[in-house]
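J.: coords please:
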Amino acid sequence: MRNKKYPYYENPEIRDLKDLLAVKAEAHPDKSAFIYPVKGGEMNKDYIDLYNDVNALGTWMYARKLQGKNIAIIGENSYEWIVTFLAAVCGGLVAVAIDKGLPEDEIQELLKKGKCDAVMVSGSCRSKIRKKSGRRIYCMDDFEAYLDEGRGQLNKGKTDYKKYNVQPDRTAAILFTSGTSGFSKGVELTNKNIAFEINNTCKLFRLEGNVLAVLPFHHAFGLIVGIMMVLYHGQTVFINKSLKLVKNNMEEFQPQTMFLVPLFVEFFHRQIWAEIRKRGKEKAFRTLMKSTNAIRKIGIDVRKLTYDSIRKVFGGNLQYIICGGAPLDPMYVQEFRTWGIEILNGYGTTECSPCTAVNRPFHHLDGSVGQIVPGVDARITDEGEVVFRGDLVMKGYYNDPEATDLVLKDGWYHTGDLGYITDDGFIMLTGRKKNLIILSNGENISPEELEMDLARDDAVQEVLVYDEQSKIIAEIFPVEEHLGDQEYFDALKDKVNKGRPLYKQIVRVKLRDEEFIKNASMKIVRHKNIFPTAGNSGSNIGSNIGSNIEE
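T.: I've put the predicted structure just below:
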């Protein structure tokens, strides 16, 4: 066991996503690229299948005169979604990824904002697309017919799509931000952006096993990091079709790595400890964790055997969780490490393709969001803001030069995050500029600090801290057994306030009986939560996930 600096991994570089597909199809044509459930079983798509399907669909797109057009992709995670995206970005089209879960009116607005000429939509979302919009609409239910037509065109010698040379600086994809302000902007990414991101981020981490994909593909983290980097490593992706099936998928597929947002990590952690307490084993289990941590420091590692029951929750083979999209309390990293699963916390933003930093398997700093991706310039402004420069930074916001100019200054992308960089190149975040609570006495407070302390209590499912008339308010959505338990949370408030200066103390706790509204990366939307929300959390994963923990 070590935790020290070591050389970057050396990997062959790709020029663009078209190059990626060709290289992998030639290197291991018969290896599974994707496995996904279908009626009556599973479908297995090898790397050569993926390559051929992308070329067939791209050729079909050319036959439909879609070259150079903006095509929206709307639907649940699926092989069809991925092939549509790849066919577009490898053939001179612009793939516009839109969240299927948005209300119909918001989808229409994004279609308009993205200037979409056509839409590829799944059957379950077809009703959200208006026929009278003037856009061409294609349904994924007819996907095989599109592929068959494309294959027929290829057999007739129609090879314009296959011969297309990717223009690295041309907009390839528009991914809409899911910022906590609730206002979406279309981020323009190029093949150059995405290739740089893949080539350089993969110098920090080498994937050596299969992956269960649960994050939404319309989100940059779920798509570029959770899918494209897996393909770059030549590994297999099992596509999760529903959060209700995550537990079953983990047991069946036994992933080696998963890409998750903190909401999932926190949910799994809560379920594990709930099962331990249910069995009356909490004190004994904490003692066991201390002892295995102690002997691991002298080189004796018994985690795989000792915590086998916990590892079975994740299929028994999980080694790494790559976590990003929102802050994660280092407590989770430390406890999962004790159980033999390393959480590699990372950091990024859609505007940076998206990953800018990640902890490494054998060189990590708990509490940080990782080491800066090689080849990326990072610095801290005089105001304490984290900014980045490099080939992973977006072209800009689509048709929004004013918004672009606010964040891109002299080539530097301004994240809006506050933090600092350690001597070893780890990024430490301290809060968001726009979230700062500025009290009437002039004191500045990062609500994230208080939120993290409150969230460590098992009775807290979600929490938001904000200013109300120069008083710090904590609004909490409790776990089910503590709903409405004001006395409990008032005591928690006093516990969190203890030792803090008066200006940093929480004045009042408000309790909710419904979840907070969240964006696509599962972060709470701070400025929309005067409204109730419906079922947008990890609670849909399945309440019985802790049932595999044995005594």
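
J.: show me where the stretch 51-200 of the chain has helices.
T.: 79-89, 104-113, 143-155, 160-163, 191-201 (DSSP state H, counting those that start in this stretch).

J.: repeat for the stretch 451-551 of the chain
T.: Counting by DSSP H, counting those that start in this stretch, the helices of the stretch 451-551 of the chain are 486-497.

J.: any idea where the strands of it begin and end?
T.: 460-467, 472-478, 508-511 (DSSP state E, counting those that start in this stretch).

J.: okay, now the closest residue to Lys504 other than its chain neighbours: neighbour count?
T.: Nearest-residue entry for Lys504: Ile445, 5.9 Å, with adjacent residues in sequence omitted and distances by CB to CB, 6 or more residues apart in numbering. Heads up, the C-betas are built off the backbone N, CA and C, glycines and all. Residue neighbour count, defined by other CB atoms under 10 Å, stands at 19 for Ile445.

J.: What's the separation between Ile445 and Arg500?
T.: Distance of Ile445 to Arg500, computed by CB to CB, to the nearest Å: 10 Å.

J.: for the stretch 101-250 of the chain, what are the low-confidence residue spans?
T.: 132, 178-183 (pLDDT under 70).

J.: let's see 50
T.: Applying pLDDT under 50 to the stretch 101-250 of the chain flags the ranges 180-181.

J.: residue boundaries of the strands in it?
T.: 118-121, 136-139, 171-176, 186-190, 211-213, 237-239.

J.: how about those strands, which one is nearest Ile372?
T.: Checking the strands of the stretch 101-250 of the chain against Ile372 by CB to CB gives strand 186-190 as the closest, at 19.7 Å.

J.: so which strand or helix has His269?
T.: helix 262-278 (DSSP states H and E).

J.: Moving C-terminal from that helix, which element do we reach first?
T.: Assignment by DSSP H and E places the next element after helix 262-278 at helix 282-296.

J.: burial count for the residue nearest to Ala97 when sequence neighbours are not counted?
T.: Among residues not flanking Ala97 along the chain, His218 sits closest, at 4.0 Å (CB to CB, 6+ apart). Using other CB under 10 Å, His218 has 25 other residues around it.

J.: Pretty sure His218 sits against Ile98.
T.: Yes - with contact defined as CB atoms under 8 Å, His218 and Ile98 form a contacting pair (6.2 Å).

J.: what touches both of those two?
T.: Taking CB atoms under 8 Å, 6 or more residues apart in numbering as the criterion, His218 and Ile98 both touch Ile73, Phe176.

J.: buried residues in the helix or strand containing Ala22?
T.: If you go by DSSP H and E, Ala22 is part of helix 17-27. Neighbour counts using 16 or more other CB atoms under 10 Å place Leu17, Lys18, Leu20, Leu21, Ala22, Val23, Lys24, Ala25 of helix 17-27 among the buried residues.

J.: and which of those is nearest Thr236?
T.: Lys24 (11.7 Å).

J.: Give me the pLDDT value at the closest one.
T.: The model reports Lys24 with a pLDDT of 98.

J.: Contact partners for it?
T.: Ala33, Tyr47, Leu50, Tyr51, Leu231, Tyr232, Gly234.

J.: Isn't the fourth one up against Asp19?
T.: No - look at Tyr51 against Asp19 with CB under 8 Å: they stay out of range, at 11.5 Å.

J.: mind checking which of the strands of the stretch 101-250 of the chain is nearest Ile73?
T.: The nearest among the strands of the stretch 101-250 of the chain, by CB to CB, is strand 118-121 at 5.2 Å.

J.: Neighbouring strands of the top strand by length along the chain in the sheet, and parallel or not?
T.: The longest strand of the chain (DSSP state E) is strand 412-421. When pairing is defined by DSSP bridges, strand 412-421 lines up against strand 385-389 (antiparallel), strand 408-409 (antiparallel), strand 427-432 (antiparallel).

J.: Give me the buried positions along it.
T.: Trp412, Tyr413, His414, Thr415, Gly416, Asp417, Leu418, Gly419, Ile421.

J.: Repeat that for stretch 316-324.
T.: Gly316, Leu318, Gln319, Tyr320, Ile321, Ile322, Cys323, Gly324.

J.: which residues are in contact with it?
T.: In contact with stretch 316-324 (CB under 8 Å, 6+ apart) are residues 205, 209, 221, 225, 250, 254-262, 265, 308, 311, 336, 340-348, 354-355, 358, 361, 369.

J.: can you give me the end-to-end distance of it?
T.: 23 Å (CA to CA, to the nearest Å).

J.: got the contact list for Pro330?
T.: Asp366, Gly367.

J.: What are the buried residues along stretch 485-504?
T.: Buried, per 16+ other CB under 10 Å, within stretch 485-504: Tyr488, Phe489, Leu492, Lys493, Val496, Asn497, Lys504.

J.: And Ala326, how far from Gly280?
T.: 33 Å.

J.: So Ser446 is in contact with Lys433, correct?
T.: No - in this structure, Ser446 is not within contact of Lys433 by CB under 8 Å, at 9.7 Å.

J.: Which of the buried residues of stretch 316-324 fall within helices?
T.: Under the assignment DSSP state H, those contribute nothing to helices.

J.: min pLDDT across the residues you listed, which one?
T.: When the buried residues of stretch 316-324 are compared, the smallest pLDDT is that of Gly324, 92.

J.: Next, the nearest residue to that one once chain neighbours are set aside: secondary structure please.
T.: Nearest non-adjacent residue to Gly324, counting by CB to CB, 6+ apart: Gly346, 4.2 Å away. With DSSP: H, G, I helix; E, B strand; the rest coil as the basis, Gly346 sits in strand.

J.: Now do Gly346, the pLDDT please.
T.: 97.

J.: Name the residues linked to it by a beta bridge.
T.: Val358.

J.: Kindly provide the distance from it to Glu252.
T.: 27 Å.

J.: Settle it for me: which of the two has more neighbours?
T.: Gly346 (28 against 15).

J.: My guess is that one contacts Val369. True?
T.: Yes - counting by CB under 8 Å, Gly346 does reach Val369; the two are 6.2 Å apart.

J.: So Ala87 is in contact with Asn52, correct?
T.: No - the pair Ala87 / Asn52 is not scored as a contact, 11.4 Å apart, by CB under 8 Å.

J.: The two: who's more crowded?
T.: Ala87 (27 against 19).

J.: contacting residues around that one?
T.: Contacts of Ala87 (CB under 8 Å, 6+ apart): Val54, Asn55, Leu57, Gly58, Met61, Leu93.

J.: wait, which of those is closest to Lys185?
T.: Using CB to CB, these come closest to Lys185 at Leu93, 20.7 Å.

J.: wait, doesn't that closest one sit right on Lys69?
T.: Yes - taking contacts as CB under 8 Å, Leu93 lies within contact range of Lys69: 5.7 Å.

J.: before we move on, the earlier item: buried among the contacts of Lys24? Make that a PyMOL selection.
T.: Remark: buried members of these, expressed as a PyMOL selection using 16+ other CB under 10 Å:
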select buried, resi 33+47+50+51+231+232
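
J.: Closest one of the contacts of Lys24 to Gly157?
T.: Tyr51 (18.8 Å).

J.: Pull out the buried residues from stretch 387-400.
T.: Val387, Phe388, Arg389, Gly390, Asp391, Leu392, Val393, Met394, Lys395, Gly396, Tyr397, Tyr398.

J.: Distance of Arg512 relative to Ile506?
T.: 16 Å.

J.: my bad, should have said Gly411
T.: From Gly411 to Ile506 the distance is 41 Å (CB to CB).

J.: what about those two, which has more around it?
T.: Neighbours were tallied for Gly411 and for Ile506 using other CB under 10 Å; the higher tally belongs to Ile506 (20 against 11).

J.: Quickly list what's touching both of Ser446 and Lys433.
T.: Counting by CB under 8 Å, 6+ apart, the shared contacts of Ser446 and Lys433 are Leu418.
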